[in-house]
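1. coords below, sequence missing:
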Ligand SMILES: O=c1ccn([C@H]2C[C@H](O)[C@@H](CO)O2)c(=O)[nH]1
């Protein structure tokens, strides 16, 4: 595991403790490594109407954008797992971003002109699967298609 991946997975695990996931009882944490070396994190925020639930990656990206730093994301870490009785995520299987989150991550990737490394970890253990966003979302539609952001 490289240093960025380790740091991102640890931060994602910490973020997942703040998941609001009383319906699925599946906690997800996401961490973004920023150009300046700082981290921005998020956790899933479920809603009683179910369909309005927000994924951890989307919350993290929205937070970075609200800080004026959407184009400064350089790497991503995600973890998730079924919650135990204390609300802690469990499990050793890496979790990868859902389709909508891949598209949301792509906005940051294209605005920053970087094919984001996405490190997918588990709640527990050392298993990690690392990808580039272009592997997870090939032939992506994004800001460049609308003439916005740096050319690919
Ligand atoms: O990439 C994903 C996939 C799922 N979830 C959340 C949504 C829901 O709250 C819970 C179960 O799907 O996990 C995320 O946060 N990110």
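-> Yes, it's here. Quick caveat, the model's predicted, so the values are computed rather than measured.

2. residue contacts, residue 121?
-> 5, 8-9, 12-13, 77-79, 94-95, 127-128 (CB atoms under 8 Å, 6 or more residues apart in numbering). Just so you know, the C-beta spots here come from the backbone N, C-alpha and C atoms, and that holds for glycine as well.

3. Go through the residues you listed and name the one nearest residue 134.
-> Nearest to residue 134 among the contacts of residue 121 is residue 78, at 16.5 Å by CB to CB.

4. Am I right that the closest one sits in a helix?
-> No - per DSSP: H, G, I helix; E, B strand; the rest coil, residue 78 lies outside any helix segment and is strand.

5. Surely it touches residue 29?
-> Yes - using CB atoms under 8 Å, residue 78 is in contact with residue 29, at 7.3 Å.

6. Name all residues that sit in contact with the two at the same time.
-> Common neighbours of residue 78 and residue 29 (CB under 8 Å, 6+ apart) are 12, 56.

7. neighbour-wise, which of the two wins?
-> When residue 78 and residue 29 are compared for neighbours, residue 29 comes out ahead with 33 against 29, by other CB atoms under 10 Å.

8. quick one: secondary structure of the more buried one?
-> Once three-state DSSP is applied, residue 29 turns out strand.

9. In the beta-sheet assignment, what are the partners of it?
-> Taking DSSP bridges as the rule, residue 29 bridges to residue 43, residue 79.

10. ok, now how distant is residue 76 from residue 88?
-> 22 Å (CB to CB, to the nearest Å).

11. Then residue 109?
-> 31 Å.

12. Just the buried subset of the contacts of residue 121, written out for PyMOL, thanks.
-> Buried residues among those (16 or more other CB atoms under 10 Å), as a PyMOL selection:
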select buried, resi 5+8+9+12+13+77+78+79+94+95+128
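
13. In contact with residue 108, which residues?
-> Contacts of residue 108 by CB under 8 Å, 6+ apart are 32, 61, 64-65, 70-71, 73, 116.

14. burial count for the nearest residue to it once chain neighbours are set aside?
-> Excluding its sequence neighbours, the residue lying closest to residue 108 (CB to CB, 6 or more residues apart in numbering) is residue 73, at 4.3 Å. Using other CB under 10 Å, residue 73 is surrounded by 24 other residues.

15. Within the helices and strands, which one has residue 7?
-> Take DSSP states H and E as the rule and residue 7 turns out to sit in helix 3-16.
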